[in-house]
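1. Take this sequence and fold it.
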Amino acid sequence: MMATLKGRRAMAAAPSTQFYRIKQAGDKLVDGFNQLGRQANFYASTLRSLGDAFVRYKGETIRLLAQMGLGSGALALIGGATVVIGFLTFAGGTVIAIQGYSTLSGIGVEALSGFVSAFVNVRIVAPLVAAIGLAATIGAGATAQLGAMRINEEIDALEVMGIRSVAYLTSTRLVAGVIVVVPLFCVAVIMAVVGTRLSVTMTYGQSTGAYDHYFKTFLNPLDLIWSFLQVLFMAIVIMLIHTYYGFTATGGPVGVGEAVGRATRTSLIMASFVTVAVSLAVYGQNGNFHLSG
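-> Numbers count the residues shown, from 1 in each chain. Below you'll find the model as predicted:
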């Protein structure tokens, strides 16, 4: 009798538990859509306020340019994001040299190492590593700064003073991030190419004449333009993501740290997605690759 009663109670509780789980999953789905809507609204407000960043707050934009390019505090001792991205791309170019030369030497065409540098460094390594460096240095710094201002109620104080917080804090950082990425991309391309060339010619002993011949033969100036446009687009996406997570940070110092982590993770995913999308759109049908002669 007791076993039958317990079985009936379990059967009665099962539908309610299942309904609660379905409701919880539905609430999470709705919250996710609401989150996307809030992000889209914030991004639109930031883009609409770009004119104010140029006209009303150009002094703040210039200050952020200097801070992002050369760094501040301990980061300024090594030259800021410029040196960090330079080291990253130099290491990436060195890896391309090691893998490319070893692979090509296995089939007896190691002289084409310059071709690998002209294609891989310009199309993939330089823009992607520059985006990673931008997210890890400038983007993470912007999230931490805005998050600290949010939990200290400095953003609320700016709004009380009549200052447009979105334009003053996020649009100016977006403009500065896009402008500063131009010299960063130039440094990234140069260091990636130099890293590959030095590794191939000095480590493996290939003649500089043979390397430079194949590098110049297969280097397409149009690839540099596409890579530059790709980096600009990734810079816009990265700065929008990092400013959003910093501007909406909650939960004290711990919340700021979590916001930096979420922003960095999201921006790296989006940078990889942009790289794949641009590669498919530009080089998917015709890669401009002609090996002959």
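2. Might you list the low-confidence residue ranges for the chain?
-> Applying pLDDT under 70 to the chain flags residues 1-16, 19-20, 23, 27, 32, 69-80, 285-293.
3. rerun that using 80 as the cut-off
-> Scanning the chain for pLDDT under 80 picks out 1-36, 66-82, 108-109, 283-293.
4. Enumerate the positions of the helix or strand containing residue 234 that are buried.
-> Residue 234 is part of helix 221-247, with elements assigned from DSSP states H and E. For helix 221-247, the neighbour count (16 or more other CB atoms under 10 Å) marks 223-224, 226-228, 230-247 as buried. C-betas here are computed from N, CA, C, even on glycine.
5. and for stretch 163-173, what are the contacting residues?
-> 42, 45-47, 49-50, 52-53, 56-57, 60-61, 64, 142, 146, 149, 155, 158-159, 239, 243-244, 247 (CB atoms under 8 Å, 6 or more residues apart in numbering).
6. Drop anything exposed from the residues you listed.
-> Buried among the contacts of stretch 163-173 by 16+ other CB under 10 Å: 42, 46, 49, 52-53, 56-57, 60-61, 64, 142, 146, 149, 155, 239, 243-244, 247.
7. Tell me which of the residues you listed fall in helices.
-> The helices, defined by DSSP state H, take in 42, 46, 52-53, 60-61, 64, 142, 146, 149, 155, 239, 243-244, 247 from the buried ones among the contacts of stretch 163-173.
8. Can you tell me what sits against stretch 201-217?
-> Under the criterion CB under 8 Å, 6+ apart, residues 97, 101, 110-115, 117-118, 193, 197, 200 lie in contact with stretch 201-217.
9. just to revisit the earlier point, and the helix holding residue 234, what does it pack against?
-> For helix 221-247, the packing partners by 3 or more CB pairs under 8 Å, 6 or more residues apart in numbering; DSSP states H and E come out as helix 2-48, helix 126-134, helix 140-151, helix 172-198, helix 252-283.
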